[in-house]
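[1] Generate a structure from the sequence data that follows.
(one chain, ligands or ions: 2)
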Amino acid sequence: MNGKFVTFEGPDGAGKTSVMNKVIVPIKQEIGNRLLVTREPGGNKISEEIRHVILNRDNTEMDYRTEALLYAAARRQHLIETILPALDAGKLVLCDRYVDSSVAYQGAGRGIGMDQVARMNEFATEALLPAKTIYFDIPVEIGLNRISKHRDSSKIDRLDVETTAFHKRVHAGYMEIRKNNPDRFVTIDATQSFSQVVADTLDTIHQIAAEYFKES
Ligand SMILES: Nc1ncnc2c1ncn2[C@@H]1O[C@H](COP(=O)(O)OP(=O)(O)OP(=O)(O)O)[C@@H](O)[C@H]1O
Ligand SMILES: Cc1cn([C@H]2C[C@H](O)[C@@H](COP(=O)(O)O)O2)c(=O)[nH]c1=O
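    Ligands and ions are numbered 1, 2, ... in the order given. Just a heads-up that it's a prediction; the model follows:
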């Protein structure tokens, strides 16, 4: 495995997806097809189908452990079919969410337990973790406010409509994961202007994956 695996994490509305869409434009110009951009849940046909089931707002009866298992199943397929082949081919893989999301949302948010969810994901991923995780730091209320203000209502999913208390437990979960992984986590202040967050993220990627940019 010669590539580099980098994930984006943070609470809903932190701006991860918008920032990802922006930073990949210059990065693609710099390193071309040595870049793979993907997301969870999703990233390939089977995992996107599982995403549809998980995030469908009509699926109100979904049990929390079913939800955790579906995220892990989508992740397994994504890892085997999409991420590992790209890493084996030496690519820089930028992934919007990964295991930390399950530990924060299902482990802390749903109250299943962060250790249990981490262990279940160790089975799904054979313990493969990213080299670095860029964490988009934002107070829960600001993130939720961004979503309710700007997001097209058809795109508001089953997790977005959870209570503020749920999202606060998720945030606390992320704080614990970050505290336990100081070498893996790099934090970006996501309350800044969009252009500043994009600039900080681009700088961070240049630093943590410097080997890709030297050669280009
Ligand atoms: N720095 C920023 N300042 C103000 N608004 C922002 C900023 N970054 C993103 N936004 C807006 O906030 C909203 C949420 O952004 P986005 O969907 O990228 O967040 P996200 O972290 O991917 O959320 P989710 O995990 O829920 O998908 C969007 O409408 C986006 O335009
Ligand atoms: C991977 C993963 C995601 N979630 C949650 C987080 C978000 O609310 C949605 C995904 O939607 P996004 O707009 O693409 O961020 O799902 C989760 O609860 N557990 C996970 O493992």
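[2] Show me what from this structure comes close to ligand 2.
    The chain comes close to ligand 2 at residues Asp12, Arg39, Glu40, Pro41, Tyr71, Arg97, Ser101, Ser102, Tyr105, Gln106, Asp157, Leu159, as judged by CB under 6 Å from any ligand atom. Bear in mind the C-beta positions are built from the backbone N, C-alpha and C, glycine included.
[3] Need the max-distance pair from these.
    Using CB to CB, the residues of the chain next to ligand 2 span at most 17.4 Å, a distance reached by Arg39 and Gln106.
[4] ok, the residue nearest the centre of the chain - contacts?
    Taking CA atoms, centre = their mean, the centroid of the chain lies closest to Arg97, which sits 1.2 Å from it. Contacts of Arg97 were listed using CB atoms under 8 Å, 6 or more residues apart in numbering, and they are Thr7, Phe8, Glu9, Lys16, Arg39, Glu40, Pro41.
[5] now the residues you listed in TSV, with pLDDT?
    Shown next, in TSV, are the contacts of Arg97 (pLDDT from 0 to 100):
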residue	pLDDT
Thr7	98
Phe8	98
Glu9	98
Lys16	97
Arg39	98
Glu40	98
Pro41	98
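[6] Please flag which of these sit within helices.
    Cross-referencing the contacts of Arg97 against helices under DSSP state H gives Lys16.
[7] Buried subset of the contacts of Arg97, written for ChimeraX?
    Only the buried entries of those go into this ChimeraX selection, using 16 or more other CB atoms under 10 Å:
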select :7,8,9,16,39,40,41
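[8] So which residues of the protein form strands?
    All strands of the chain, identified by DSSP state E, fall at 4-9, 35-39, 92-96, 132-137, 185-189.
[9] Need those strands in a markdown table (columns: distance to ligand 1).
    Rendered in a markdown table, the data for the strands of the chain read as follows (distance: least, CB to the nearest ligand atom, whole Å):
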| stretch | distance to ligand 1 |
| --- | --- |
| strand 4-9 | 8 |
| strand 35-39 | 9 |
| strand 92-96 | 7 |
| strand 132-137 | 6 |
| strand 185-189 | 9 |
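[10] And the pLDDT for the residue nearest to the centre of the chain?
    Looking at Arg97, its pLDDT is 98.
[11] Output stretch 61-78 as CSV, nothing but the C-alphas.
    The C-alpha coordinates for stretch 61-78 follow below in CSV (Å, rounded to 0.1, in the frame of the first residue of the first chain):
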residue,chain,number,x,y,z
GLU,A,61,-38.2,2.6,12.5
MET,A,62,-34.4,1.9,12.0
ASP,A,63,-32.8,0.4,15.1
TYR,A,64,-29.6,2.1,16.3
ARG,A,65,-27.5,-1.0,16.0
THR,A,66,-28.9,-1.7,12.5
GLU,A,67,-27.8,1.8,11.6
ALA,A,68,-24.3,1.2,13.0
LEU,A,69,-24.1,-2.1,11.1
LEU,A,70,-25.2,-0.5,7.8
TYR,A,71,-22.6,2.2,8.1
ALA,A,72,-20.0,-0.5,8.7
ALA,A,73,-21.2,-2.6,5.8
ALA,A,74,-21.1,0.4,3.5
ARG,A,75,-17.6,1.1,4.8
ARG,A,76,-16.3,-2.4,4.2
GLN,A,77,-17.5,-2.4,0.6
HIS,A,78,-16.0,1.1,0.1
